[in-house]
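Colleague: got a sequence here, can you build the structure:
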Amino acid sequence: MAESRCCEVAPLVREPLSAQGATELAGMLKALADPVRLRLLSVVASHTGGEACVCDISVGITVGQPTVSHHLKVLRNAGLLTSERRGSWVYYRVNPQAMQSLSTLLGADSPIGSVAR
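Modeller: The predicted structure is shown next:
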């Protein structure tokens, strides 16, 4: 008779993170741990055309422009956003590779991802 393992649980992820992958994702998650930065990232990600001018990003955010600029810099340094200066304005775009890394970690097929939603 085959022995049944009553306490066997399927793995939560397909494979463990590499040291480099863990370091990169930790930096991204640390940047996203602030509610203002999380909101700013969502504003850029949901903006028409996939990019947003800093003048548009700060609309509806309840902190001052210098604070918004600081948070955008943190998101950029974490690799979550890219930026491009056009004249006197800076335009931000979500880094698709970073979003893919986060999506993989928190994916719909992952029990971790289902808890995060």
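Colleague: show me where the chain has strands.
Modeller: Assigned by DSSP state E, the chain shows strands spanning 51-53, 81-86, 89-94.
Colleague: show me what counts as buried in the first one.
Modeller: In terms of neighbour count (16 or more other CB atoms under 10 Å), strand 51-53 has its buried residues at E51, A52. To be clear about C-beta, it is placed using only N, CA and C from the backbone, and glycine gets the same treatment.
Colleague: distance between it and the chain's centre?
Modeller: Taking CA atoms, centre = their mean, to the nearest Å, one finds strand 51-53 lying 17 Å from the centre of the chain it belongs to.
Colleague: elements contacting that strand?
Modeller: If you count contacts as 3 or more CB pairs under 8 Å, 6 or more residues apart in numbering; DSSP states H and E, strand 51-53 packs onto helix 35-46, strand 89-94.
Colleague: elements contacting the last one?
Modeller: Translated: strand 89-94. Using 3+ CB pairs under 8 Å, 6+ apart: strand 89-94 touches helix 35-46, strand 51-53, helix 54-57, strand 81-86.
Colleague: if you set the cut-off to 6 Å instead, what comes out?
Modeller: Applying 3 or more CB pairs under 6 Å, 6 or more residues apart in numbering; DSSP states H and E, one finds that strand 89-94 contacts helix 35-46, strand 51-53, strand 81-86.
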